[in-house]
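Enquirer: next input, structure requested:
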Amino acid sequence: MDIRPIQIFTQNKKNVQQTQQFQGQQTLKLAFSLYQKLAQSQNLVFSPASIYLALAMVALGSKEKTLEEFKNLLNFNDINLLAKTTADLLKILQKDEKGLKTQIANKMYSGLPELGAEYQLIVSQNLGQAIEKVNFEFYFEQIRTQINEWVSFATEKKIKDLLPPGSLSQSTAMVLVNAIYFKGDWLKQFDKKKTQKLDFFLEYENAGSKIQTDIMAIEEYFDYYEDAGFQYIQIPYKGRQYSMEILLPRTSIQQFELQLSDQIFQKSRLNKFNKKLKLYLPKFKIQPEYVFDLESILKELGIVNAFSFNADFSFMDPSKKLILSNVYHKSMIEVNEDGAEAAAATASVMILQCKQKDIQVMCNKPFIYTITHMPSQTILFLGKVTDPSKIS
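Expert: Here you go, the predicted model:
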């Protein structure tokens with residue numbers, strides 16, 4: 001399988017730190033815009049980083065009004081800066097050491113007779129993107145299977161069947177794919193002997209009901225913040241580069257979601273303090289069978305021109321015939337006493353035109369979580385647990 005190492009532009013340490021935080025802040029805004037559209041009453045997992053990277057690959061090939069829409073959604077002003085900061089981010093996010101593994105792969109399947117030379121260079125150098133020439137007209141179903149197999153390989157077999165039947169056709173001209181895999185051990189692991197069956201109180205349509213589920217327990221020092229509406233905690237993984245962030249509403253998660261934003265996360269991070277506390281966290285696994293079809297959501301968020309006959313992807317396709325057909329996304333996550341494992345993939349399909357006290361954080365009711373690269377503040381995975389007894 002072709003998973004190419006990332007190539008990057010070189011910058012000095014200060015500039016890299018600045019671009020890391022810049023890019024992380026951009027993905028943070030997209031993360032919560034998507035959360036508000038995707039969050040319903042069920043368990044949720046998705047990867048803002050994967051979706052951002054997949055859309056960045058598309059944005060880098062756009063011009064004029066199409067490009068302006070991507071600038072608004074992805075929060076960048078200059079296309080060269082987008083390429084460079086994305087390259088830096090890809091480098092720092094990827095870790096493979098004892099107790100921590102993060103890998104990211106990008107690939108393009110192109111059926112175009114000619115691919116813009118400058119575009120091909122910029123994505124190859126900055127996004128580490130392998131480019132494979134294919135013939136969609138005669139082999140679109142075989143190519144769909146091939147893409148799904150590549151995604152499965154890139155995510156350690158955690159994401160299967162990203163592209164559903166019917167997602168590709170004879171008119172498909174290009175598929176741009178991003179895959180992310182994360183596995184991290186807790187810096188301070190939970191003692192399995194302390195895990196016990198406790199009540200978890202449900203909300204939404206099951207408000208007033210409760211279930212029994214495995215809840216882990218630990219008493220340790222963690223970075224923590226609280227206010228009248230919620231508790232926030234960072235649970236670091238080995239190496240301290242990545243953490244799980246948790247937002248636990250004090251009352252109804254439905255009310256809390258109405259005010260949830262990237263500013264709330266930023267406020268929590270800026271005002272956190274290190275405190276010894278008792279943490280109770282349920283074991284959970286979220287592995288939906290469904291695939292997110294993001295076309296309508298992206299249109300609501302301002303990407304309209306790209307899906308229309310007025311789309312301009314001439315930097316990518318000199319013939320000016322490409323339009324964005326759909327964007328598919330699928331994720332999974334599993335959390336237990338040892339740590340967490342998560343994976344995600346996103347495919348963009350393009351077609352030719354036609355207080356100070358003893359603190360207790362008891363996550364025994366619905367809560368919001370992330371897996372975040374803390375130096376850059378990039379959210380790899382974001383979601384919520386509404387019922388830890390359910391996988392999907």
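
Enquirer: now do the contacts for the nearest residue to residue 62 once chain neighbours are set aside.
Expert: Using Cβ to Cβ, 6 or more residues apart in numbering and skipping the chain neighbours, the partner closest in space to residue 62 is residue 313 (5.3 Å). From N, CA and C alone the C-beta is placed, and that goes for glycine too. By Cβ atoms under 8 Å, 6 or more residues apart in numbering, residue 313 lies in contact with 58, 61-63, 66, 306, 320, 322-324, 350.

Enquirer: what about residue 313, which helix or strand?
Expert: Counting by DSSP states H and E, no helix or strand carries residue 313.

Enquirer: how about the strands of the stretch 51-200 of the chain, start to end?
Expert: Under the criterion DSSP state E, counting those that start in this stretch, strands of the stretch 51-200 of the chain are mapped to 95-97, 100-110, 130-133, 172-185, 196-201.

Enquirer: out of those strands, which is the most enclosed?
Expert: Of the strands of the stretch 51-200 of the chain, the one with the most neighbours on average (mean count of other Cβ atoms under 10 Å) is strand 172-185, at a mean of 25.

Enquirer: chain center to that one: distance?
Expert: 10 Å (Cα atoms, centre = their mean, to the nearest Å).

Enquirer: note down every partner strand of that strand and its orientation.
Expert: strand 100-110 (antiparallel), strand 339-352 (antiparallel) (DSSP bridges).

Enquirer: would you format the ones you listed as a markdown table with mean pLDDT included?
Expert: Shown next, in a markdown table, are the strands paired with strand 172-185 (pLDDT from 0 to 100):
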| stretch | mean pLDDT |
| --- | --- |
| strand 100-110 | 93 |
| strand 339-352 | 93 |
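
Enquirer: if we can go back for a sec, could I get the strands of the stretch 51-200 of the chain as TSV with distance to residue 89?
Expert: Shown next, in TSV, are the strands of the stretch 51-200 of the chain (distance: least, Cβ to Cβ, whole Å):
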stretch	distance to residue 89
strand 95-97	13
strand 100-110	9
strand 130-133	19
strand 172-185	12
strand 196-201	36
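
Enquirer: residue 228: which of those is closest?
Expert: Smallest distance to residue 228 across these (Cβ to Cβ): 19.9 Å, for strand 196-201.

Enquirer: neighbouring contacts of that closest one?
Expert: 209-215, 217, 280, 282, 364-365, 387-389.

Enquirer: hmm, try it at 6 Å
Expert: 210-213, 215, 364-365 (Cβ atoms under 6 Å, 6 or more residues apart in numbering).

Enquirer: ok, which pair from these is furthest apart?
Expert: 212 and 365 (13.8 Å).

Enquirer: who has more neighbours, these two?
Expert: residue 365 (20 against 11; other Cβ atoms under 10 Å).

Enquirer: pop out the phi and psi values for that one.
Expert: Here is the backbone geometry of residue 365 (degrees, to the nearest 10): phi -160, psi 170.

Enquirer: pLDDT value on it, please?
Expert: With respect to pLDDT, residue 365 has a value of 94.

Enquirer: give the contact list for it.
Expert: Taking Cβ under 6 Å, 6+ apart as the test, what residue 365 contacts is residue 201.

Enquirer: 8 Å - rerun?
Expert: Applying Cβ under 8 Å, 6+ apart, the residues near residue 365 are 200-203, 248-249, 253.

Enquirer: any of these buried? List them.
Expert: Buried by 16 or more other Cβ atoms under 10 Å: 200, 202-203, 248-249, 253, out of those.

Enquirer: among those, name the ones in helices.
Expert: Residues of the buried ones among the contacts of residue 365 located in helices (DSSP state H): residue 253.

Enquirer: and the buried ones among the contacts of residue 365, which is closest to residue 291?
Expert: Out of the buried ones among the contacts of residue 365, the member with the shortest distance to residue 291 (by Cβ to Cβ) is residue 253, at 24.8 Å.

Enquirer: how about the strands in the stretch 201-350 of the chain?
Expert: Counting by DSSP E, counting those that start in this stretch, the strands of the stretch 201-350 of the chain are 210-226, 230-236, 242-249, 273-282, 284-286, 292-293, 322-335, 339-352.

Enquirer: which other helices and strands contact the shortest one?
Expert: What that stands for is strand 292-293. strand 322-335 (3 or more Cβ pairs under 8 Å, 6 or more residues apart in numbering; DSSP states H and E).

Enquirer: and the angle for the strand it packs on with strand 273-282?
Expert: Between strand 322-335 and strand 273-282, the angle comes out at 90 degrees (axes from the mean of the first three to the mean of the last three Cα atoms, to 10 degrees).

Enquirer: work out the gap between strand 322-335 and the centre of the chain.
Expert: 9 Å.

Enquirer: what of stretch 168-188?
Expert: 10 Å.

Enquirer: any idea of the mean pLDDT for that stretch?
Expert: Here the average pLDDT along stretch 168-188 is 95.

Enquirer: of the strands of the stretch 201-350 of the chain, which is nearest residue 370?
Expert: Taking the strands of the stretch 201-350 of the chain one by one with Cβ to Cβ, strand 242-249 is closest: 4.4 Å.

Enquirer: what is the neighbour count of residue 217?
Expert: Other residues close to residue 217 by other Cβ under 10 Å number 17.

Enquirer: wait, it sits on residue 280?
Expert: Yes - look at residue 217 against residue 280 with Cβ atoms under 8 Å: they come within range, at 5.3 Å.

Enquirer: picking that back up, so for residue 237, which of the strands of the stretch 51-200 of the chain sits nearest?
Expert: Nearest of these (Cβ to Cβ): strand 172-185, 3.5 Å.

Enquirer: tell me the angle of the closest one relative to strand 242-249?
Expert: 90 degrees.

Enquirer: got the angle between strand 172-185 and strand 230-236?
Expert: 80 degrees.

Enquirer: next, format the contacts of strand 196-201 as CSV and append distance to residue 334.
Expert: Listed next are these as CSV, based on distance: Cβ to Cβ, whole Å:
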residue, distance to residue 334
210, 23
211, 18
212, 20
213, 14
215, 16
364, 19
365, 20
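
Enquirer: list buried residues within these.
Expert: 211, 213, 215, 364-365.

Enquirer: I'd like those residues as a markdown table, with distance to residue 99 appended.
Expert: Below are these laid out as a markdown table (distance: Cβ to Cβ, whole Å):
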| residue | distance to residue 99 |
| --- | --- |
| 211 | 32 |
| 213 | 26 |
| 215 | 23 |
| 364 | 28 |
| 365 | 30 |
